[in-house]
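> coordinates for the following, if possible.
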Amino acid sequence: MLAVLISTYEMGRQPFGLASPAAWLRAAGWYVECRDLAKQQLPEDLTATADLVAFYLPMHTASRLAAPVIERVREINPSASICAYGLYAPLNADRLRSLGVDVVFGGEFEADLTDLARSLATTDRLESDFRQSRETSPVPRLRFLIPDRTGLPPLDRYATLQMPGGDRKLVGYTEASRGCKHLCRHCPIVPVYNGQFRTVAVNVVLADIVAQVGAGARHITFGDPDFLNGPTHALRVVDALHDAHPEVTYDVTIKIEHLLRYRSLLPRLRDTGCLFVTSAVESVDDRVLALLDKGHTRRDLFEAAWLCRDTGVTLVPTFVAFHPWITLEGYCDLLDTVDELDLVEHVAPIQLAIRLLIPQGSRLLQTDEIRSLVGPFDPVTLTYRWSHVDRRVDALQQEVSTIVGMKLTVGRRQLFDEISELAHTRAGVRRVSSRPARDRATVPYLNEPWYC
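All right, here's what the predicted structure looks like:
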């Protein structure tokens with residue numbers, strides 16, 4: 001029997017969410033074709049004969065881009081069972097079903113997909129009791145298999161790491177854990193995992209890395225929502241990586257809160273090859289950080305930035321720059337803070353234009369303040385729409401987005417200065433003197449920064 005696994009969104013990395021379930025389905029005896037539609041065409045001939053077509057939806061944009069493809073698959077193969085899985089699948093279950101999706105899986109989807117395949121092989125159709133029981137079941141604990149990347153585009157078609165001095169490295173991607181212990185109100189992980197996290201066995205993670213190193217990878221991105229949710233496990237993983245391939249570098253994502261709590265581990269990360277740490281800072285306003293339940297303060301950001309600089313690990317902050325509580329002056333303060341901390345070259349320009357998304361299931365909807373702000377759910381954008389009470393803020397966000405979108409080849413400092421001058425002019429606030437431009441080559445970075 002034939003399964004076609006599909007990813008629709010350009011994430012700058014070979015999709016783990018196709019490679020991992022592919023290993024499970026092939027082990028169950030299925031013939032599996034994987035397609036990353038950001039790099040490949042939809043195989044309509046194979047799709048027309050597939051017994052199962054499964055869409056991987058790890059992000060909001062992936063879910064939006066999947067909609068017309070789901071409809072096309074249903075059109076060319078009315079009898080196929082269509083599944084959607086990943087973080088954003090359960091958040092958009094109603095919309096997905098209206099497009100023709102039969103069943104939706106959230107976290108730890110590999111076992112559910114395999115059971116679905118076995119059910120189809122036995123009954124040749126999807127039973128309603130299977131659908132209902134699996135969509136309401138809790139997040140399981142799995143014994144993961146080594147991902148099978150057969151059929152995916154080669155690593156050289158994805159993001160590369162730009163190193164100080166101008167060298168480039170091919171980048172691999174893996175996951176050592178999923179879910180998160182924390183309950184940040186705006187995070188899409190929370191409605192699915194609800195404070196749970198799951199680890200992948202060290203030998204499985206290492207085998208996946210070894211396979212990618214064999215395919216040319218010289219740097220690994222760990223996609224764990226927070227690499228230090230399980231610090232002991234994390235250290236075992238990076239120690240094993242460094243022992244096997246001491247020349248291979250890596251990057252991780254870690255909360256500001258964890259950078260400070262586990263500060264003693266940062267030298268160990270550095271010494272095993274960690275080049276940079278991405279951290280979802282989101283805001284520099286303590287009130288907003290409390291509303292988002294981020295677990296850190298403005299002062300904590302400053303301390304973490306100094307800590308990473310002293311340790312020799314590059315901090316890469318990400319932001320939700322525009323939200324219902326931002327003001328023109330507050331946006332200028334965000335920019336001034338980035339400049340003050342000497343982080344301009346560390347921040348992908350798109351981060352300065354990000355607008356808060358409120359999908360179905362968001363914990364933000366549990367707050368009276370948000371419920372009073374949002375309009376009805378929009379099935380096209382897959383969000384609850386909101387408008388800022390100050391129209392100038394929404395106008396500035398549009399201007400910043402346009403600047404970022406039109407000047408993709410402009411250096412980060414030049415682009416930052418243009419955005420900062422615009423923001424301060426719109427706010428009627430005097431801009432403090434900016435730091436002199438620093439050579440971008442001193443900061444390692446991925447040339448395809450991804451975002452939701």
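> can you map out the strands along the stretch 101-250 of the chain?
103-105, 160-162, 168-174, 177-179, 197-199, 219-222, 249-253 (DSSP state E, counting those that start in this stretch).
> whoops, I mixed them up, the stretch 251-400 of the chain
Using DSSP E, counting those that start in this stretch, the strands of the stretch 251-400 of the chain run over 274-282, 314-319, 377-378, 383-384.
> buried stuff in the first one?
Meaning strand 274-282. Of all the residues in strand 274-282, those buried under the rule 16 or more other Cβ atoms under 10 Å are 274-282. Yep, even glycine has a C-beta here, placed from its N, CA and C like the rest.
> thinking again about what came up before, okay, the strands of the stretch 251-400 of the chain in JSON lines with mean pLDDT and distance to His242 next?
JSON lines is the format used below for the strands of the stretch 251-400 of the chain (pLDDT from 0 to 100; distance: least, Cβ to Cβ, whole Å):
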{"stretch": "strand 274-282", "mean pLDDT": "97", "distance to His242": "10"}
{"stretch": "strand 314-319", "mean pLDDT": "96", "distance to His242": "18"}
{"stretch": "strand 377-378", "mean pLDDT": "92", "distance to His242": "47"}
{"stretch": "strand 383-384", "mean pLDDT": "94", "distance to His242": "41"}
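> out of these, which comes closest to Cys180?
Across those, Cys180 has its closest neighbour in strand 274-282 (10.7 Å, Cβ to Cβ).
> tilt between that closest one and strand 249-253?
20 degrees (axes from the mean of the first three to the mean of the last three Cα atoms, to 10 degrees).
> just the CA trace of strand 274-282, in PDB.
Presented in PDB, the C-alpha positions along strand 274-282 are these (Å, rounded to 0.1, in the frame of the first residue of the first chain):
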ATOM      1  CA  CYS A 274      27.200  25.200  20.200                       C
ATOM      2  CA  LEU A 275      27.500  28.300  18.100                       C
ATOM      3  CA  PHE A 276      24.300  30.100  18.900                       C
ATOM      4  CA  VAL A 277      21.200  29.900  21.000                       C
ATOM      5  CA  THR A 278      17.800  31.100  19.700                       C
ATOM      6  CA  SER A 279      15.600  32.400  22.400                       C
ATOM      7  CA  ALA A 280      12.000  33.600  22.100                       C
ATOM      8  CA  VAL A 281      12.300  36.900  23.900                       C
ATOM      9  CA  GLU A 282       9.100  38.200  22.400                       C
END
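> which strands border it, and is each parallel or antiparallel?
strand 249-253 (parallel), strand 314-319 (parallel) (DSSP bridges).
> and of these, who's closest to Leu170?
Minimum separation from Leu170 across the strands paired with strand 274-282 (Cβ to Cβ) falls at strand 249-253, 11.5 Å.
> any buried residues in that closest one, and which?
249-253.
> can you redo those residues as JSON lines with distance to Glu33 and pLDDT?
Listed next are these as JSON lines, based on distance: Cβ to Cβ, whole Å; pLDDT from 0 to 100:
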{"residue": "Thr249", "distance to Glu33": "32", "pLDDT": "97"}
{"residue": "Tyr250", "distance to Glu33": "30", "pLDDT": "98"}
{"residue": "Asp251", "distance to Glu33": "30", "pLDDT": "97"}
{"residue": "Val252", "distance to Glu33": "31", "pLDDT": "98"}
{"residue": "Thr253", "distance to Glu33": "30", "pLDDT": "97"}
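> what's the closest of the residues you listed to Ala93?
For these, the minimum distance to Ala93 (Cβ to Cβ) is 26.6 Å, reached by Thr253.
> out of the buried residues of strand 274-282, who's nearest His182?
Nearest to His182 among these is Ala280, at 10.4 Å by Cβ to Cβ.
> partner residues bridging the closest one?
Counting by DSSP bridges, Ala280 is bridged to Thr318.
> hmm, Arg149 is touching Ala19, no?
Yes - the criterion here is Cβ atoms under 8 Å, and Arg149 meets it with Ala19 at 4.5 Å.
> what's the overlap in contacts for those two?
Shared contacts of Arg149 and Ala19, defined by Cβ atoms under 8 Å, 6 or more residues apart in numbering, are absent.
> so this protein: which segments form each domain?
As assigned by automatic domain parsing, the chain contains the domains 2-135, 155-446.
> among these, show me which one is buried the most.
The highest mean neighbour count among those, using mean count of other Cβ atoms under 10 Å, belongs to domain 2-135: a mean of 20.
> now that one: average pLDDT?
The average pLDDT within domain 2-135 is 89.
> centre of the chain to it, how far?
Centroid displacement of domain 2-135 relative to its chain, using Cα atoms, centre = their mean, to the nearest Å, is 19 Å.
> again, but for stretch 328-345
23 Å.
> which residues sit against it?
Applying Cβ under 8 Å, 6+ apart, the set of residues contacting stretch 328-345 is 283-285, 298, 301-302, 305, 309, 315, 317, 319, 321-322, 326, 347, 352, 390, 392-393, 396, 412-413, 416, 419-420, 423-424, 426-429, 431-432, 434-435, 438, 440, 442-443.
> tell me which of the residues you listed fall in helices.
298, 301-302, 305, 309, 392-393, 396, 412-413, 416, 419-420, 423-424, 426-427 (DSSP state H).
> from Thr123, how far off is His346?
Between His346 and Thr123 the distance, using Cβ to Cβ, to the nearest Å, works out to 53 Å.
> mind listing what Trp30 touches?
Counted by Cβ under 8 Å, 6+ apart, Trp30 has contacts 1-3, 52, 117, 121.
> now, which of the residues you listed sits nearest Glu75?
Using Cβ to Cβ, the contacts of Trp30 come closest to Glu75 at Leu52, 16.7 Å.
> could the buried residues of strand 274-282 be laid out in JSON lines, adding distance to Leu96?
Listed next are those as JSON lines, based on distance: Cβ to Cβ, whole Å:
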{"residue": "Cys274", "distance to Leu96": "37"}
{"residue": "Leu275", "distance to Leu96": "37"}
{"residue": "Phe276", "distance to Leu96": "35"}
{"residue": "Val277", "distance to Leu96": "34"}
{"residue": "Thr278", "distance to Leu96": "29"}
{"residue": "Ser279", "distance to Leu96": "31"}
{"residue": "Ala280", "distance to Leu96": "26"}
{"residue": "Val281", "distance to Leu96": "32"}
{"residue": "Glu282", "distance to Leu96": "28"}
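> from the residues you listed, which is closest to Ala48?
Ala48 lies nearest to Thr278 out of these, by Cβ to Cβ, at 40.4 Å.
> the closest one and Lys255 touch, don't they?
No - here Thr278 lies out of contact with Lys255, judged by Cβ under 8 Å, at a distance of 10.3 Å.
> the closest residue to Arg13 other than its chain neighbours: what's it in contact with?
Leaving aside its chain neighbours, Arg13 sits nearest to Tyr173 (4.0 Å; criterion: Cβ to Cβ, 6 or more residues apart in numbering). By Cβ under 8 Å, 6+ apart, Tyr173 lies in contact with 13-14, 16, 212, 220-221, 223.
> please apply the same query to Arg118.
Residues near Arg118 by Cβ under 8 Å, 6+ apart: Ala28.
> how much space between it and Thr49?
Distance of Arg118 to Thr49, given as Cβ to Cβ: 20 Å.
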